[in-house]
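Asker: Any chance you could fold what I've pasted below:
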Amino acid sequence: MYSWLRIIRPINALMGFVATYISALVGIGLNIIHSNFLVLSTLAGICVFLVISAGNMINDISDADTDRINHPERPIPKGEIRIRDAWIVSIVFFTIASVIAGISLSLTAGIVVLTAITVLVGYEMRMKGTGLPGNFAISVLVGMIFIFGGIAVNSVSRMILLFLMAFLTNSAREIIKDVQDMKGDLNRKTFPMQHGVKASFYLVVALTLSGIVFSLLTYFLGIFGLVYLVAVIVADAIFIASLVVFSKSAKESQNFSKLAMILGLVAFTVGGVV
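Answerer: Coordinates of the predicted model:
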């Protein structure tokens, strides 16, 4: 049993569950008191938890050969879980998530879950180590949590800009992580390995600044109020700091970017209910 808990990485899946709650809260705002928010957001969170858990299993399946050297302690290379069994459980998880989304939430929610599954499996099987396509695939999945949370409570329109912000800023962070890992990525076709650190920096700047623009647009378009603006300016300032320290330390830049994304999530939550 413990081996299965390790392979699904429950902490990561739980973080996705919580993020879905937050995105649903942002979508519904003050209507939380007059709606079945708790039921809908819980069902949506369960779907995300199952998809992330299944995705983690497929990650270990696709990395089975390299994990025998790099991570021999993981359940598959250690012989505690067979690849066939991991495939079966991941397919069951994907199926349950799709059924819950399509029947208990809406047809649109079901389509979003199926799309996320397709992107996730495509990334693990084909796009991992391909550079920007892989970076963008991961960022699409991160951004889709906002869309899915909004769909769960029937409030999608205000989530579009949040999807774009999440996609852009997470793409920048993925590239920063690739710069940080260049020494160990000699055989991978990441953007930094193909185009160098300087070009990577320019792309990170472009993606980050675009994300900041969208974060401010949500205020000027009247989606969120003044309290949100104050909170998101703090997050944006830390995003800028991540660019400033990039040339000195990719690791430090990545840490700043991660902190900014967390604060951005706090800003969205505050903006959604105030």
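Asker: domains for this structure, by residue range?
Answerer: As assigned by automatic domain parsing, the chain contains the domains 1-155, 161-274.
Asker: starting at the chain centroid, how far to the first one?
Answerer: In terms of Cα atoms, centre = their mean, to the nearest Å, the centre of domain 1-155 is found 9 Å from the chain centre.
Asker: End to end on that domain, go ahead and measure it.
Answerer: Across domain 1-155, the straight-line distance between its terminal residues is 38 Å, by Cα to Cα, to the nearest Å.
Asker: quick one: low-confidence parts of the stretch 101-250 of the chain?
Answerer: 183-188 (pLDDT under 70).
Asker: Quick one: residues contacting the residue minimising distance to the centre of the chain.
Answerer: Nearest residue to the geometric centre of the chain (Cα atoms, centre = their mean): residue 142, 2.4 Å. Contacts for residue 142 (Cβ atoms under 8 Å, 6 or more residues apart in numbering) come out as 166-167, 170. All C-beta atoms are positioned from the backbone trio N, CA, C, and that covers glycine.
Asker: and what of residue 201?
Answerer: Residue 201 makes contacts with 246-247, as judged by Cβ under 8 Å, 6+ apart.
Asker: separation between it and residue 210?
Answerer: For residue 201, the distance to residue 210 equals 15 Å [Cβ to Cβ, to the nearest Å].
Asker: Please apply the same query to residue 36.
Answerer: Look at residue 36 and residue 210: by Cβ to Cβ, they are 36 Å apart.
Asker: before we move on, back to that, distance to residue 74 and secondary structure added to the contacts of residue 142, as CSV?
Answerer: Below are the contacts of residue 142 laid out as CSV (distance: Cβ to Cβ, whole Å; DSSP: H, G, I helix; E, B strand; the rest coil):
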residue, distance to residue 74, secondary structure
166, 29, helix
167, 30, helix
170, 25, helix
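Asker: Show me which of those residues is closest to residue 111.
Answerer: Taking Cβ to Cβ as the measure, residue 111 sits nearest to residue 167 out of those, at 18.6 Å.
Asker: ok, that closest one to residue 191 distance?
Answerer: Using Cβ to Cβ, residue 167 is found at 16 Å from residue 191.
Asker: Mark which of the contacts of residue 142 are buried, thanks.
Answerer: Buried members of these, scored by 16 or more other Cβ atoms under 10 Å, are 166-167, 170.
Asker: TSV for the residues you listed, including distance to residue 158?
Answerer: Below are the buried ones among the contacts of residue 142 laid out as TSV (distance: Cβ to Cβ, whole Å):
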residue	distance to residue 158
166	14
167	16
170	19
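Asker: what about stretch 71-80, start to end distance?
Answerer: 14 Å.
Asker: Give me the average confidence score over that stretch.
Answerer: Across stretch 71-80, pLDDT averages out at 81.
Asker: what residues does that stretch touch?
Answerer: Stretch 71-80 is contacted by residues 3-4, 6-7, 60-61, 63-64, 67-68, 81-83, 86 when judged by Cβ under 8 Å, 6+ apart.
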